[in-house]
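1. build me a model:
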Amino acid sequence: MSVLSIQSHVAYGHVGNSSAVFALQRLGTEVWPVHTVQFSNHTGYGDWKGRIYDGESIDELVQGIADRGVLGTATAVLSGYLGSADIGHAVLAAVARVKAANPQAVYCCDPVIGDVGRGVFVRPGVPEFMTDVALPQADLVTPNHFELDLLAGTETRTMAQVKEAVAAVQARGPRVVLTTSLVTDDTPDDAVDLLASEGGRHWLVRTPRLGLSVNGAGDATAGLFLAHWLRTGSAAEALGAATASVFGLLARTDEAGSREILLISAQDELVAPTRTFEVREV
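-> Predicted coordinates for the structure are as follows:
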């Protein structure tokens, strides 16, 4: 199983490809990372060095991979944070090339746009690109609750409303939707939900809410969910496995008081999570 992962990259810490690539590799997945940005650290620190790449640089790297004659062996393309809409078009060009070489390949889009409390934090044009251009091309999409509402053009508070929003997103193209950081009227204050939806069915996992704020958890979640879905063909199984691993990573990170996910020192959580959670259909 090989995944072309087109995301941001940081030298210090674990966000974007710096989070997803190792998580995928630890599960035995071959990963071809292509970076949309290369920063010294994630922007949450308020200060960073580095640069954003343009669409042409992405095209060049994908062409180099194609020159090796291996695009047909890719089983999926995974994308995350995009520095600009221009880069987004290069991602979709890569998706088209991979699917032309392997019609069974899928595209998993993590539509990084914003979050509750922070609002939209990407550059102008990126939200519109995600909604109008990327979404119809995706087979799997992994928004957080804020992003689900934005993609669906609605505001959700109840599970029934969330299901309607998911259906609206699926009607645009993706057959699988994983909604993370989900909080509805039914979610206890000390918990957070994740919802996987496929084929008109929905599965929920509820985990304790941890008292930490770190970047990169969503990137790891998208990568792990994709890998487990490719392996099992089941959104429910992928949800349970990915959630257990990410919760384990975050719990270990919380215990250590670290600002960065302990992806390396807690890597056993990726393959043998300390704790698992009930996956129930809702």
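2. per-residue pLDDT, Met159?
-> On pLDDT, Met159 comes in at 98.
3. what about the residue lying closest to it once chain neighbours are set aside, which SS state?
-> Leaving aside its sequence neighbours, Met159 sits nearest to Thr184 (C-beta to C-beta, 6 or more residues apart in numbering; 5.2 Å). For glycine as for every other residue, the C-beta is placed from the backbone atoms N, C-alpha and C. Put simply, Thr184 is coil when judged by DSSP: H, G, I helix; E, B strand; the rest coil.
4. you'd agree Thr184 is up against Thr156?
-> Yes. Counting by C-beta atoms under 8 Å, Thr156 is a contact partner of Thr184 at 7.3 Å.
5. which stretches of the stretch 151-282 of the chain form strands?
-> For the stretch 151-282 of the chain, the strands defined by DSSP state E, counting those that start in this stretch occupy 176-182, 191-198, 201-208, 280-281.
6. got those strands as CSV, with mean neighbour count and distance to Phe39 columns?
-> Formatted as CSV, the strands of the stretch 151-282 of the chain follow (neighbours: other C-beta atoms under 10 Å; distance: least, C-beta to C-beta, whole Å):
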stretch, mean neighbour count, distance to Phe39
strand 176-182, 24, 23
strand 191-198, 22, 27
strand 201-208, 19, 29
strand 280-281, 10, 39
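7. turn the ones you listed into CSV, including mean pLDDT and distance to Thr274.
-> Compiled in CSV, the strands of the stretch 151-282 of the chain are given as follows (pLDDT from 0 to 100; distance: least, C-beta to C-beta, whole Å):
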stretch, mean pLDDT, distance to Thr274
strand 176-182, 97, 20
strand 191-198, 98, 18
strand 201-208, 98, 12
strand 280-281, 98, 21
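8. how many other residues sit next to Thr73?
-> 15 (other C-beta atoms under 10 Å).
9. so what's it closest to, chain neighbours aside?
-> In space, Thr73 is closest to Ser2, 5.4 Å off (C-beta to C-beta, 6+ apart).
10. cool, and Gly248?
-> Glu269 (3.2 Å).
11. contacts only, for that neighbour.
-> Each residue near Glu269 by C-beta atoms under 8 Å, 6 or more residues apart in numbering is listed here: Ala244, Ser245, Gly248, Leu249, Arg252.
12. quick one on the thing from earlier: Asp149 versus the residue nearest to Met159, what's the distance?
-> Using C-beta to C-beta, to the nearest Å, Thr184 is found at 12 Å from Asp149.
13. and what of Arg275?
-> Taking C-beta to C-beta, one finds Arg275 at 29 Å from Asp149.
14. ditto for Ala236
-> Distance from Ala236 to Asp149, by C-beta to C-beta: 23 Å.
15. what does Pro188 give?
-> As defined by C-beta to C-beta, Pro188 lies at a distance of 21 Å from Asp149.
16. which of the two has more neighbours?
-> Taking other C-beta under 10 Å, Pro188 and Asp149 do not tie; Asp149 has more neighbours (19 against 11).
17. that older thread, ok, the contacts of Glu269 vs His35, which is closest?
-> Taking C-beta to C-beta as the measure, His35 lies nearest Leu249 of these, at 22.0 Å.
18. verify the stated contact: that closest one with Ile264.
-> No. Counting by C-beta under 8 Å, Leu249 does not reach Ile264; the two are 10.3 Å apart.
19. between the two, which one's more packed in?
-> Leu249 (29 against 10).
20. per-residue pLDDT, the more buried one?
-> The per-residue pLDDT reported for Leu249 equals 98.
21. next: Thr156.
-> 98.
22. show me the contacts for the nearest residue to it once chain neighbours are set aside.
-> Closest residue to Thr156 apart from its sequence neighbours, by C-beta to C-beta, 6+ apart: Val162 at 4.7 Å. By C-beta under 8 Å, 6+ apart, the contact set of Val162 is His145, Leu148, Thr156, Thr179, Leu182, Thr184, Leu195.
23. what's the neighbour count on Val91?
-> By other C-beta under 10 Å, the residues close to Val91 number 28.
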